[in-house]
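>>> output the structure for:
(one chain, ligands or ions: 2)
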Amino acid sequence: MQLNAQQIERFDREGYLFFDSLFTTREIDVLREEVPRLYAQRRVENVREKGSDAVRTNFAAHMYSAPFARLARHPRMIEPVVALFGEPVYMHQFKINGKMAFDGDVWQWHQDFGTWKNDDEMPEPRAMNIAIFLDEVNEFNGPLMFIPGSHKLGVIDAEHDTSTTSYPLWTINHATIASLVGRGGIVAPKGPAGSMLLFHSCLVHASTSNLSPWNRVSVYLSLCAVSNHIRRFKRPEYIAHRDFTPIECLPDDCLLRDYPVALPWRDGTPEAALQPALAG
Ligand code: SIN
Ligand code: MN
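Ligands and ions are numbered 1, 2, ... in the order given. This is a model prediction of the structure:
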């Protein structure tokens with residue numbers, strides 16, 4: 001899938017693109033059916049909400065689940081990012097965020113590149129998030145909120161928040177957010193399951209808790225230009241990958257056919273992927 005000139009211009013200006021219903025119901029069902037099995041597993045890749053058993057985020061499913069391994073090689077997700085960077089990409093991070101009905105907690109205002117730079121020593125913001133909705137996203141189930149144009153400001157000062165939620169994040173203070181919103185406003189793209197979002201790694205974003213009775217499961221691929229690979233391996237590999245091999249796409253129908261994919265962590269996460277490493 002290629003972006004047209006208008007989409008590229010819009011991405012440059014706003015810092016994100018929204019593709020309504022890009023994947024069919026049949027394609028999304030293949031992924032959705034797999035999520036309860038993944039979330040039920042007692043493995044370190046399932047980070048649960050503070051004070052609840054609900055999964056907040058599942059990491060690296062593309063290493064141990066065939067449907068998600070195929071999604072990680074899907075041309076509709078990979079090709080637009082390769083075209084924008086003008087070079088191959090590798091998988092820096094892969095996550096399935098739950099934001100489960102009633103239990104899904106907030107994500108504070110942040111830029112992803114803040115974390116990738118501070119924790120992983122990623123040199124430049126040449127990495128992109130590309131997300132698909134496995135459930136409908138509406139105004140009640142904690143949609144992702146963006147401040148359009150905020151990616152233009154580069155890296156904004158942030159503080160390491162290790163206590164508000166169950167997952168540490170470099171977050172931006174309220175005064176800065178108020179001033180950014182004063183300039184750019186807030187948008188919250190909403191739509192049916194199968195919709196896709198592409199957003200810049202410096203775009204400021206957040207989401208509120210989910211008090212609705214509807215889950216808001218979304219899959220996020222964080223794709224990094226190969227030449228821009230991380231230099232420090234402080235975080236375990238299941239969170240920040242260290243394999244910089246360019247992603248090779250499968251055919252466009254890969255969610256509906258059993259193309260073979262490697263599942264190296266199917267029988268468990270290797271010990272080395274659980275630990276920080278000294279070199280990088
Ligand atoms: C994120 O910022 O990485 C996730 C936010 C969300 O899923 O709402
Ligand atoms: Mn984020």
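>>> what's the burial count for whatever residue of the chain ends up closest to ligand 1?
The chain approaches ligand 1 most closely through S207 (3.3 Å), counting by CB to the nearest ligand atom. C-beta coordinates here come from the backbone N, C-alpha and C atoms, glycine included. Neighbour count of S207, defined by other CB atoms under 10 Å: 22.
>>> what is it paired to in the beta sheet?
For S207, the beta-bridge partners are W107, L144 (DSSP bridges).
>>> residue contacts, it?
For S207, the contact set (CB atoms under 8 Å, 6 or more residues apart in numbering) comprises 99, 106-107, 142-145.
>>> who wins on neighbours among those?
Ranking these using other CB under 10 Å puts K99 first, with 30 neighbours.
>>> could you pull out the helices for the stretch 1-150 of the chain?
5-14, 25-32, 35-40, 66-71, 75-85, 112-120 (DSSP state H, counting those that start in this stretch).
>>> kindly export the first one (C-alpha atoms) in PDB.
Spelled out, it's helix 5-14. The C-alpha coordinates for helix 5-14 follow below in PDB (Å, rounded to 0.1, in the frame of the first residue of the first chain):
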ATOM      1  CA  ALA A   5       1.000  13.100  -2.200                       C
ATOM      2  CA  GLN A   6      -2.000  14.500  -0.300                       C
ATOM      3  CA  GLN A   7      -1.500  11.900   2.500                       C
ATOM      4  CA  ILE A   8       2.200  12.600   2.700                       C
ATOM      5  CA  GLU A   9       1.600  16.300   3.000                       C
ATOM      6  CA  ARG A  10      -1.100  15.800   5.600                       C
ATOM      7  CA  PHE A  11       1.200  13.400   7.600                       C
ATOM      8  CA  ASP A  12       3.900  16.100   7.600                       C
ATOM      9  CA  ARG A  13       1.500  18.800   8.800                       C
ATOM     10  CA  GLU A  14      -0.500  16.800  11.400                       C
END
